[in-house]
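*Asks:* The following block contains a protein sequence and its predicted model.
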Amino acid sequence: MNEIRPSRPNNLDAFWMPFSDNKYFKANPRMLARAEGMSYFTPEGREVLDGTAGLWCCNAGHGRREIVEAIQKQAAIMDFAPTFNLGHPVAFEAAARLSEMLPDPLNKVFFTGSGSESADTALKIALAYHKARGQASRVRLIGRERGYHGVGFGGMSVGGIGGNRKQFGAMLPYTDHLPHTHQPSLNSFAKGMPEHGANLADKLEDLVALHGAETIAAVMVEPMAGSTGVLIPPQGYLQRLREICDKHGILLIFDEVITGFGRLGTNFGAERLGVMPDIMTMAKGLTNAAVPMGAVATKDSVYDAIVNGTPNGIELFHGYTYSGHPLAAAAAIATLALHVEEDLPGRAAALEPYFQDAAHSLKGTRTVADVRDLGLVAGIELESRPGAPGARATEVFRQCFDEGVLIRVTGDIVALSPPLICEKPHVDRLFGTLEKAIKAAA
Ligand SMILES: Cc1ncc(COP(=O)(O)O)c(C=O)c1O
C-alpha cells in the first residue's frame with residue numbers, strides 16, 4: 001500500500017528552487033512566513049520592508065482583505081471549471097473589467113497562468129494573425145538584447161539575457177534581436193527617461209533590410225526593461241519603433257508584465273510612454289500575485305483576423321487548463337477594483353518625485369556607478385568587484401535583508417519596486433538601509 005512518508009521538520013531538500021543558488025540558500029535559509037501591507041515577516045516574526053512588491057507583483061500591498069475574501073468565496077462556490085468550449089461567469093467578468101481598464105484599442109483578452117505563458121501566447125497570436133491574413137511567410141520574431149520575456153521557449157528565444165539562454169541549446173529558429181538601450185556614457189544618472197538613444201530603434205530598419213519585412217511577424221519589447229536591471233526607454237525610442245513597425249506591417253508587442261497595473265504611474269506603461277502596442281502581455285499585478293494569472297490583450301483587428309477569419313471550429317489552437325481559472329479570475333476582479341478605488345497608479349505618480357530624489361541621492365556614494373528611475377522603479381548600478389561580478393550586490397542584498405529591507409539584485413544592479421501603497425517613511429527606510437549596505441560593501 002502506498003503511504004505518504006512523514007516529512008522531517010524543516011526539511012529543505014526536496015524543493016528545487018527556481019532561479020536560485022540552491023546550495024547557498026539551503027545552507028543559509030532566509031525565509032518569509034507572513035505578509036501584510038508593506039511588509040513581510042520571517043518565521044521568527046522579524047518584520048522586513050518589501051522594497052520589491054514581492055517580485056514586482058504585489059502592487060496593492062500584501063494580504064489585501066478584498067482580494068483574500070474574493071478568493072475564499074470563489075473557492076467555495078466553484079473551485080475549477082474548464083474554459084475550452086465551456087465558460088464560467090467569473091472569467092468573462094474578469095476579461096470585461098480588464099478590457100475596460102486597458103487603453104481603448106486593446107479590447108480582447110486571452111488568459112494565461114503566468115508572464116512566461118503570456119509571452120509565448122502573444123508570439124503565437126502574432127504568427128497566427130499573419131497566417132490568417134495570408135502572410136504565412138511572416139515567421140520571424142524580433143526581441144531585444146537584455147530583454148526578459150520569461151522562460152518558455154518563445155519568450156526565452158526572443159529574450160536577450162545571455163545567462164537565461166546559454167544552458168539550453170539552440171532556441172527557436174527565426175529570431176533576431178535589436179540592440180539594448182543602455183548607454184551609460186551618454187545617459188548615466190538620468191532622471192526619468194534618458195535623452196539619448198531614440199536612434200537605436202532605427203536598428204529595426206537594418207533587420208528589415210537583412211531579413212525582409214515579409215518574413216517578420218512581430219517585435220516584442222518591455223516598454224521599460226525590468227529584470228535585466230532597470231533600463232528606461234530613451235525619449236522617442238518607442239515612438240520610433242512604433243513608426244517602423246507600422247511602415248512594414250510588423251506587429252508591436254509590449255511585455256507589460258512589470259509595467260502594467262500602475263508601476264509607472266498610469267494603469268499601463270503604454271499610457272505613460274505614449275505608444276500603443278498591437279498586443280500587450282500582462283501577469284503579476286493583475287491579481288496582485290495572490291493567485292497566478294497572466295493575460296494577453298490584443299486589438300480588435302488582431303482578434304478579428306484570427307477569429308472571424310476562421311469559418312468554423314476552433315480558431316486558435318492554444319490555451320491552458322488554467323486560462324481564466326475561477327480563483328484567479330476572482331482575484332483579478334477584486335484587484336482591478338482596488339486599483340480604481342484607491343487610485344494606485346495616481347498614488348505611484350504622486351510619490352514618484354520623492355522616490356526619484358531618494359534614489360538619486362545615492363549618486364556620489366562610493367561604488368554607485370549609475371542610478372535610473374521611472375515611476376516607482378529604481379535601478380542602482382554598482383561597480384563590480386574585479387573578477388567577481390555580482391558579489392558586491394549580493395552582499396548588499398544580504399545585509400539589507402538582515403537589516404529588515406527586501407531589495408532585488410541582478411548582477412551588480414539593485415532594483416527597487418515597492419508596492420504602490422508605499423509612503424514617504426517607507427522610501428526613507430528603503431534608501432537609508434540601502435545606502436548603509438552599499439557603503440559597507442564598498
Ligand atoms: C517583462 C517580463 N515578462 C515575463 C516575465 C515572466 O513572468 P513569469 O515569471 O510569471 O512567467 C517577467 C517576470 O519577471 C517579466 O518581468
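*Replies:* Sure, I can see it.
*Asks:* buried ones in the helix or strand harbouring residue 244?
*Replies:* Taking DSSP states H and E as the definition, one finds residue 244 inside helix 237-248. Neighbour-count burial for helix 237-248, counted by 16 or more other Cβ atoms under 10 Å, picks out 237-238, 240-242, 244-245, 248. Using the backbone N, CA and C atoms, a C-beta is placed for each residue, glycine as well.
*Asks:* How much space separates the spatially closest residue to residue 375 that is not a sequence neighbour from the ligand?
*Replies:* Once flanking residues are discounted, residue 375 sits nearest to residue 264: 3.4 Å by Cβ to Cβ, 6 or more residues apart in numbering. In this view, residue 264 and the ligand are 13 Å apart by Cβ to the nearest ligand atom, to the nearest Å.
*Asks:* Could you double-check that residue 390 sits in contact with residue 413?
*Replies:* No - using Cβ atoms under 8 Å, residue 390 is not in contact with residue 413, being 9.3 Å away.
*Asks:* These two: who's more crowded?
*Replies:* Higher neighbour count among residue 390 and residue 413: residue 413, with 21 against 16, using other Cβ atoms under 10 Å.
*Asks:* Quickly find the element holding the spatially closest residue to the more buried one that is not a sequence neighbour.
*Replies:* What sits nearest to residue 413 in space, not counting adjacent residues and going by Cβ to Cβ, 6+ apart, is residue 229, at 3.3 Å. Under DSSP H and E, no helix or strand contains residue 229.
*Asks:* Residue 229 is in contact with residue 379, isn't it?
*Replies:* Yes - contact status for residue 229 versus residue 379: in contact at 5.6 Å, counting by Cβ under 8 Å.
*Asks:* Give the residues shared as contacts by these two.
*Replies:* 413, 415 (Cβ atoms under 8 Å, 6 or more residues apart in numbering).
*Asks:* Around the ligand, which positions in this protein sit nearby?
*Replies:* 114-116, 119, 148-150, 222, 226-227, 255, 257-258, 283 (Cβ under 6 Å from any ligand atom).
*Asks:* Swap in 5 Å and give it another go.
*Replies:* 114-116, 149-150, 222, 227, 255, 257-258, 283 (Cβ under 5 Å from any ligand atom).
*Asks:* which residue does the chain bring closest to the ligand?
*Replies:* residue 115 (2.2 Å; Cβ to the nearest ligand atom).
*Asks:* Counting neighbours, what do you get for that residue?
*Replies:* 32.
*Asks:* So it is in contact with residue 292, correct?
*Replies:* No - using Cβ under 8 Å, residue 115 makes no contact with residue 292, being 9.6 Å away.
*Asks:* so where is this structure shaky, pLDDT-wise?
*Replies:* The chain contains residues with pLDDT under 70 at 1-2, 5-7, 9.
*Asks:* in stretch 42-62, what counts as buried?
*Replies:* For stretch 42-62, by 16+ other Cβ under 10 Å, it's 48-54, 56-62.
*Asks:* chain center to that stretch: distance?
*Replies:* Using Cα atoms, centre = their mean, to the nearest Å, the mean C-alpha position of stretch 42-62 is found 17 Å from that of the whole chain.
*Asks:* measure that stretch end to end?
*Replies:* Across stretch 42-62, the terminal residues are separated by 14 Å (Cα to Cα, to the nearest Å).
*Asks:* which one among the buried residues of helix 237-248 gets closest to residue 31?
*Replies:* residue 238 (40.0 Å; Cβ to Cβ).
*Asks:* From what I see, that closest one and residue 271 are in contact.
*Replies:* No - here residue 238 does not reach residue 271: they are 12.0 Å apart, not a contact under Cβ under 8 Å.
*Asks:* quick revisit: OK, contacts around the residue nearest to residue 375?
*Replies:* Taking Cβ under 8 Å, 6+ apart as the test, what residue 264 contacts is 223-224, 272-273, 348, 374-377.
*Asks:* so it sits in a helix?
*Replies:* No - counting by DSSP: H, G, I helix; E, B strand; the rest coil, residue 264 falls outside a helix, being coil.
*Asks:* And it, how far from residue 282?
*Replies:* Separation of residue 264 from residue 282 (Cβ to Cβ, to the nearest Å) stands at 13 Å.
*Asks:* and what of residue 271?
*Replies:* Counting by Cβ to Cβ, the gap from residue 271 to residue 282 is 13 Å.
*Asks:* Residue 246 too?
*Replies:* Taking Cβ to Cβ, one finds residue 246 at 23 Å from residue 282.
*Asks:* before we move on, what about residue 273?
*Replies:* 15 Å.
*Asks:* ok, these two, which is more surrounded?
*Replies:* residue 282 (29 against 22).
*Asks:* can I assume that one is in contact with residue 269?
*Replies:* No - in this structure residue 282 lies outside contact range of residue 269 using Cβ under 8 Å: 10.4 Å.
*Asks:* Quickly list what's touching both of these two.
*Replies:* With Cβ under 8 Å, 6+ apart, residue 282 and residue 269 have common neighbours 256, 260.
*Asks:* where along the stretch 201-350 of the chain do the strands fall?
*Replies:* Counting by DSSP state E, counting those that start in this stretch, the stretch 201-350 of the chain has strands at residues 216-221, 251-255, 279-282, 294-299.
*Asks:* Please identify the pairing partners of the first one and their relative orientation?
*Replies:* When pairs are called by DSSP bridges, strand 216-221 turns out to pair with strand 140-144 (parallel), strand 251-255 (parallel).
*Asks:* if we look at the first one, which residues are touching it?
*Replies:* With Cβ under 8 Å, 6+ apart as the test, strand 140-144 has contacts from 123, 126-127, 149, 154, 157-160, 172, 174-181, 204, 207, 211, 215-221, 225, 250.
*Asks:* Mind checking which of these are buried?
*Replies:* In the contacts of strand 140-144, burial by neighbour count holds for 123, 126-127, 149, 154, 157-160, 174-178, 180-181, 204, 207, 215-221, 225, 250, counting by 16+ other Cβ under 10 Å.
*Asks:* Inside helices: which ones of those?
*Replies:* 123, 126-127, 154, 157-158, 204, 207 (DSSP state H).
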